[in-house]
Structure formats: structure tokens, C-alpha cells
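Visitor: Let me see the structure of the following:
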Amino acid sequence: MTTATPHLDAHLDVAGLEALRGVVAKAFPKAQVAVVLRELTVVVEAGQIPEVLGFLRDSEACKMTMLMDLCGVDYLGHVPAQPARFAVVYHLLSLEKNVRVRVKCFVAEGQDGLATVPSVVGIYPSAAWYEREAYDMFGIVFVGNPDLRRILTDYDFVGFPLRKDFPLEGHVEVYYDAKQKRVAYKPVDLPQEFRHFDGVSGWRGMTGNAKLAEEDAVFAREEFK
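Guide: Residues are numbered from 1 along each chain as shown. Down below sits the predicted model:
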């Protein structure tokens, strides 16, 4: 008889998480601080990001010494509507306290089509490449990043691929030009008309066949002629 693996929440200090929530709420009264999905979530203004992350890293009650991830979110068409189109989410971890904190800020799209957020490279050096990725994919500019350039696409790439209004087929395609002996660009050439995929799994279309795998499959040779 095997023993079931305990759920990760069994090792989570829930009381400590609530205490941490109180510390952050007291330090930043205007922030939205709540425990969501067993993680502390803090929503602040974009201009407060360096101050909040610096506090979470340096405070003895927090010790969020590791920036696990930084990502962008596009809320275009989201229901219900959000405060702004874009959001930047920071995932922090305290190795000493075994607690994670999610910090989030909403950023409006400017007239130039870009969103602006202060960089946190001075607080978490690992944010350098995370910020470059968010800039490359969403067009979110991190003011103060010393090397803010595209990291996944090339320098001449048009648009930001993870925005919801970016065309699925893209703007251009690349190919090898034998005459020029280099990779070149050309407008997207679809060999067939664009097809819409509804995203429904193919398994869902197999109604009434769930028990086939439980039975012995017997086939006649004629079926394969």
C-alpha cells in the first residue's frame, strides 16, 4: 500500500502568509493586497513598482530575495474590463520564508502604441532579460533598462507577437534567397485560404467511443484492403 504524496499546501505557512499580507498592507495603504490562490497578490500603480519591490526584498518581514519571473498581459477585450489594457506581473520568492508574492500593475497604452513602466534591474538584476522579453512580445517599455532591445525576434520585426491584435499569420515571412545568398523577407503568402480553427479537441468529437480501448479490438483483413 502506497502513501499519497501530501499536497504542497500542507507545507505552506498560512498564518505567516496572512501576517505578511498585513505588513504589506500597512506599508502601502493605497495598494490592493489580498491572498489569492494561496499566494499574496499586491496590485499597485506602475510608478510604485520600484518602491514596492525594494521593500519586499529588503524588509526583514518579507525577504523576497528572488525574482522568479516577470511577464506582460494583454487584456484587450477582456470581460470584465480591466483598469488598463496591459499589466506587468512580478513573481517573487522568499527562500527563507517559503512564501511567494505576486505584484501586479496596470499600464495604459500610449499614443505611440507603447506602454511604460519603471525598470527594476537595479533591484533585481535578473529582470534585465525578463523586461526585454516583455518589451519584445508586448511593446512594454521599461524605463531605465540599460539594454532594452528585442530578445526573441529580430531587430526589424514589425509589431509585438503576443498582443491580442497581432495577426495570427504575421506581417512578413522569411525565406532563403538563392540569388542574394541570404535570408530575405517577403509578404506572407498563404498557399490556401485562411481557415478558422475553433480550438475544440479532436477527442471531444469522438462521442460514444470512450470504452473502445477497454475492449479487445478484432479486425477483419478485408477492412484494410
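Visitor: In CSV, please show the C-alpha coordinates belonging to the longest helix along the chain.
Guide: Longest helix in the chain, counting residues (DSSP state H): helix 14-27. What follows is helix 14-27, C-alpha atoms only, in CSV (Å, rounded to 0.1, in the frame of the first residue of the first chain):
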residue,chain,number,x,y,z
VAL,A,14,-0.9,30.1,6.0
ALA,A,15,-0.7,32.1,9.2
GLY,A,16,2.7,33.6,8.1
LEU,A,17,1.1,34.5,4.8
GLU,A,18,-1.7,36.4,6.5
ALA,A,19,0.9,38.2,8.7
LEU,A,20,2.8,39.1,5.6
ARG,A,21,-0.3,40.5,4.0
GLY,A,22,-0.8,42.8,7.0
VAL,A,23,2.8,44.0,6.8
VAL,A,24,2.5,44.9,3.1
ALA,A,25,-1.0,46.5,3.5
LYS,A,26,0.3,48.7,6.4
ALA,A,27,3.4,49.8,4.4
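Visitor: following it, which helix or strand comes up?
Guide: strand 32-36 (DSSP states H and E).
Visitor: in its sheet, what does that next one sit against?
Guide: Strand pairing for strand 32-36, using DSSP bridges, gives strand 39-44 (antiparallel).
Visitor: Contacts for the strand it pairs with next, please.
Guide: Contacts of strand 39-44 with the rest of the structure, by Cβ atoms under 8 Å, 6 or more residues apart in numbering, involve 17, 20-21, 24, 28, 30-35, 52, 99-106. C-beta coordinates here come from the backbone N, C-alpha and C atoms, glycine included.
Visitor: Separate out the buried members of those residues.
Guide: Buried subset of the contacts of strand 39-44 (neighbour count, 16 or more other Cβ atoms under 10 Å): 17, 20-21, 24, 28, 31, 33, 52, 99-106.
Visitor: Correct me if wrong: Q48 contacts A31.
Guide: Yes. Shown here, Q48 and A31 form a contact pair, counting by Cβ atoms under 8 Å, at 7.5 Å.
Visitor: Below-threshold pLDDT in the chain: ranges please.
Guide: 1-11, 193-225 (pLDDT under 70).
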